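Student: below are the sequence and a predicted model; questions follow.
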Amino acid sequence: MSDDDLTCDAFLGGLLHLWQPRKGYRAGVDPVLLAATVPAVSGQRVLELGCGVGAAILCLGARVPGLTLTGVERETSYAALALRNGKATLEVVQADIATLPLDLRMRQFDHVLANPPYYQRRASVAAQNTVREAALGEVTPLETWVQVAAKRLAPRGQAHFIHRAERLPDLIRALPRDMGSIEVLPLAPRVGRKAELIILRARKSGRGDFRLHAPLILHEGERHRDGDQYTAQVRAALRSGAALEF
């Protein structure tokens with residue numbers, strides 16, 4: 001893509017700038033919220049499956065210095081943008097997550113995160129833009145995303161996913177038996193509204209009880225109004241790179 005086909009957008013209140021396609025799939029708040037919940041510490045190794053232009057993993061890297069960051073992206077143009085956005089801080093592997101190269105399959109990570117495609121196309125309409133459809137429409141089964149993430153974890157490592165709330169049973173069923181200490185954070189648009197998204201994390205060899213946390217409320221007020229209506233906690237994560245505690 002030429003620069004005329006791209007925009008350079010500010011994330012985390014300008015702490016991070018990302019080149020993205022002007023048309024097609026563009027990163028929104030979901031990868032930023034996912035990154036804000038990852039309790040990584042300096043010196044750890046982090047892998048993102050399906051990193052796109054690098055929004056989630058680079059937001060995490062902006063919040064936590066000293067991480068070793070690796071992203072996997074299938075689409076050539078998005079992998080190139082992730083590499084450009086990372087500015088030598090992000091290793092980008094262009095590959096399908098279902099057929100990772102041997103070098104990557106020999107490595108382990110402290111955290112693996114993913115924002116898998118949300119929509120099963122047997123029940124929804126595909127996007128006309130092919131790259132946008134690759135990001136939104138499930139081609140690789142969700143079970144594959146979960147199992148690949150689990151395989152790449154070091155002992156006691158954590159996997160992190162953001163997905164539609166109705167897919168939570170599928171996520172839990174897909175977790176291998178050695179993944180435990182499962183925690184779920186529902187994301188509700190407003191007080192009194194049902195959660196539309198969830199963030200799930202699980203630990204390799206974890207033995208903790210299942211925990212369903214109180215919903216994180218994204219917006220203030222009872223209905224949509226113009227302007228920035230995010231709650232203070234969410235606004236701090238989106239605009240200042242603050243962590244979101246489960």
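Tutor: Done, it's in. Residues are numbered from 1 along each chain as shown.
Student: nearest spatial neighbour of Met1, chain-adjacent residues omitted?
Tutor: Nearest residue to Met1 in three dimensions, chain neighbours excluded: Ser77, at 5.7 Å (C-beta to C-beta, 6 or more residues apart in numbering). For the C-beta atoms, the positions are set from N, CA and C on the backbone; glycine is no exception.
Student: what's the following helix or strand after the helix or strand containing the one you found?
Tutor: Element membership for Ser77 (DSSP states H and E) is helix 76-86. Later in the chain than helix 76-86, the nearest helix or strand by DSSP H and E is strand 90-94.
Student: and the next helix or strand past that following strand?
Tutor: Moving toward the C-terminus from strand 90-94, the next helix or strand (DSSP H and E) is helix 102-105.
Student: parallel or antiparallel, list what pairs with the helix or strand just after that following helix.
Tutor: Next along the chain after helix 102-105, taking DSSP H and E as the criterion, comes strand 109-114. Sheet pairing of strand 109-114 (DSSP bridges) gives strand 45-49 (parallel), strand 153-164 (parallel).
Student: how distant is the helix holding Ser77 from the center of its chain?
Tutor: Here helix 76-86 is found 16 Å from its chain centre; the criterion is C-alpha atoms, centre = their mean, to the nearest Å.
Student: circling back: return the most buried member of the strands paired with strand 109-114.
Tutor: The highest mean neighbour count among the strands paired with strand 109-114, using mean count of other C-beta atoms under 10 Å, belongs to strand 45-49: a mean of 26.
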